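Enquirer: how does the following fold in three dimensions:
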Amino acid sequence: MKIVPRKIAALIAAAKIDSLSPEEALMLQEWRELTRQNEDIYQAIIRREDIRADVTLLGEIDTIAALDAVRKRMEIEKQAPKVIRLDRRLLAIASCILAISILAVLWWARHNTDRTSIIQPGTSKAYITVNGQENIALNESKGEIIFLDSMQYADGSTVLVNTDASKAMDDTVQITVPYGGEYKIVLSDGTKVMLNAGSSLRFPKRFTKAPREVQLFGEAYFNVAKVLDAKSERLPFFVQTKHQKIQVLGTQFNVSAYASDNETATTLVEGRVSVCTQSAQEQCVILEPGYRATTNSKQEIYTQKVDVFSTIAWTKNEFVFAGEPLSSVMEKVARWYDLEYTFKEPRLKKEKIEGILPRYASAKELFDLLQESGLVRFTVEGKKVTIY
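Expert: The predicted structure follows:
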């Protein structure tokens, strides 16, 4: 149901003089129940004994501008001139509607400003801990941390951490990216990792012994460096997640292992990897480029051919949805924009979404694009989103 201010103003006016039809009463009730703010607007207006007095009291408002605002919101259809005789009751109703329309527009201007403006896309941000000590915010403007001879940013400046907690070469480091963030890491062996929102990576500050191994919570894109041992053989690289153990020799792949998903999905972009379950009766599969291995909470593993581009689109600053359920879409949106959401109707979770959306678009632009599907609508209050 698309609702515009002038329509609501007319409904409130009719309610004020007890002239609502059953259908209109239902429409007004639905609008009031959409948000707490709508109910506040309704109560603030309906309790007034003298609407005209209220408009007069708003002396600081330019009444001509207010009337222009009302006229702009009214979809006036051009009709042939007619002579209409209005009795006093109809004139009173018309005056009441006009007065309430002005008041409603003023309320919208003051209280219904773009609620999505405080929801911004993610930025480059993360926290670092060394040996479980001190949670230090990394410099957001740097955007990348490199672990070579020392911990430093891409521009060469030093990452400042507690020196007592970072003397040993085999220190355990954890980089945590909160909701609304992303961060790039270059490990000591040259492996490049990009962490998505709501993710963390645990690894040794220096890989001083074989095998190279890291632990992932959430989602990351890996470009693993090829490293040879003393016998000129490639050293394996392991990624441990809750449901999978991934072994690579030098390749590019994406791993999504969010706890809320109850499964881990490894998608191979280039090279070759072995993906095994974490169960006692280990099961393994060998992935070829363009395939994904998914392991669920029951430690069942299966492979499928997928669209790699849509999987790694987040690393290219895009959202790509190829027939993805709206519930999955909203999970990704919530992590990136750091927001909360609820579905007014459970059936909407299964609606399939297709499209390419810019990852750095404002929340308003994103929701407007999703609404163009005609499948869903969004209301926003602060950082809480309702889908209906």
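Enquirer: would you mark the buried spots in stretch 172-181?
Expert: Within stretch 172-181, the residues that count as buried by 16 or more other C-beta atoms under 10 Å are 173, 174, 175, 176, 177, 178, 180, 181. (Glycine included, C-beta is placed from N, CA and C.)
Enquirer: which ones among these map onto strands?
Expert: 173, 174, 175, 176, 177, 181 (DSSP state E).
Enquirer: need these in CSV with pLDDT and distance to residue 380, can you?
Expert: Shown next, in CSV, are those (pLDDT from 0 to 100; distance: C-beta to C-beta, whole Å):
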residue, pLDDT, distance to residue 380
173, 94, 37
174, 96, 33
175, 96, 31
176, 97, 27
177, 96, 24
181, 95, 21
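Enquirer: between these, which is nearest residue 384?
Expert: The closest of those to residue 384 turns out to be residue 181 (C-beta to C-beta; 19.7 Å).
Enquirer: surely that closest one meets residue 120?
Expert: No: Residue 181 is beyond contact range of residue 120, at 11.4 Å (criterion: C-beta atoms under 8 Å).
Enquirer: in this protein, which residue is closest to the centre?
Expert: The chain has residue 333 as the residue nearest its centroid, 2.2 Å off, counting by C-alpha atoms, centre = their mean.
Enquirer: can I see the domain layout of this structure?
Expert: 5-113, 118-209, 214-312, 317-387 (automatic domain parsing).
Enquirer: now do the helices in the stretch 201-350 of the chain.
Expert: Listed in chain order, the helices of the stretch 201-350 of the chain (DSSP state H, counting those that start in this stretch) span 308-312, 326-337.
Enquirer: can you list the residues that contact stretch 119-128?
Expert: 135-138, 140-145, 151, 159, 161, 173-184, 195, 197, 336-339, 359-363, 380, 383 (C-beta atoms under 8 Å, 6 or more residues apart in numbering).
Enquirer: and residue 151, how far from residue 161?
Expert: The gap separating residue 151 from residue 161 is 7 Å, by C-beta to C-beta, to the nearest Å.
Enquirer: my bad, residue 362
Expert: 34 Å.
Enquirer: for residue 135, same thing?
Expert: 10 Å.
Enquirer: the more surrounded of the two?
Expert: More neighbours surround residue 161 than the other of residue 135 and residue 161, with 18 against 10 (other C-beta atoms under 10 Å).
Enquirer: quick one, what contacts the more buried one?
Expert: Contacts of residue 161 (C-beta under 8 Å, 6+ apart): 128, 130, 134, 136, 151.
Enquirer: rebuild those residues as TSV, extending it with secondary structure.
Expert: Putting those into TSV (DSSP: H, G, I helix; E, B strand; the rest coil) gives the following:
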residue	secondary structure
128	strand
130	strand
134	strand
136	strand
151	strand
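Enquirer: ok so residue 14 is a helix residue?
Expert: Yes: counting by three-state DSSP, residue 14 is found in a helix.
Enquirer: Three-state assignment for the nearest residue to it once chain neighbours are set aside, please.
Expert: In this structure, residue 14 finds its nearest non-sequential neighbour in residue 20, 4.8 Å apart by C-beta to C-beta, 6 or more residues apart in numbering. Here residue 20 is coil, with the state taken from three-state DSSP.
Enquirer: what about residue 20, how many neighbours?
Expert: 18.
Enquirer: now, of the contacts of stretch 119-128, which are buried?
Expert: By 16+ other C-beta under 10 Å, those give 138, 142-145, 151, 159, 161, 173-178, 180-184, 195, 197, 336-339, 359, 361-363, 380, 383 as buried.
Enquirer: picking up where we left off before, and the residue nearest to residue 14, its phi and psi?
Expert: phi -80, psi 140 (degrees, to the nearest 10).
Enquirer: tell me the pLDDT of it.
Expert: Note on residue 20: pLDDT of 81.
Enquirer: list the residues that contact it.
Expert: 11, 14, 28.
Enquirer: and it, how far is that from residue 11?
Expert: For residue 20, the distance to residue 11 - C-beta to C-beta - is 7 Å.
Enquirer: hang on, the earlier thing: who wins for most neighbours among the contacts of residue 20?
Expert: residue 11 leads these on contacts (other C-beta under 10 Å) with 24 neighbours.
Enquirer: that one: which element?
Expert: helix 5-16 (DSSP states H and E).
Enquirer: so which elements touch that helix?
Expert: helix 22-34, helix 36-46, helix 63-73, helix 88-111 (3 or more C-beta pairs under 8 Å, 6 or more residues apart in numbering; DSSP states H and E).
Enquirer: swap the cut-off to 6 Å and go again
Expert: helix 22-34, helix 88-111 (3 or more C-beta pairs under 6 Å, 6 or more residues apart in numbering; DSSP states H and E).
Enquirer: how about the shortest one: buried residues?
Expert: For helix 22-34, the buried set under the neighbour-count rule, 16+ other C-beta under 10 Å, comprises 27, 28, 31, 32, 34.
Enquirer: the residue nearest to the second one when sequence neighbours are not counted and residue 200, how far apart?
Expert: What sits nearest to residue 28 in space, not counting adjacent residues and going by C-beta to C-beta, 6+ apart, is residue 11, at 4.4 Å. As for residue 11, its distance to residue 200 is 50 Å (criterion: C-beta to C-beta).
Enquirer: what does residue 320 give?
Expert: 24 Å.
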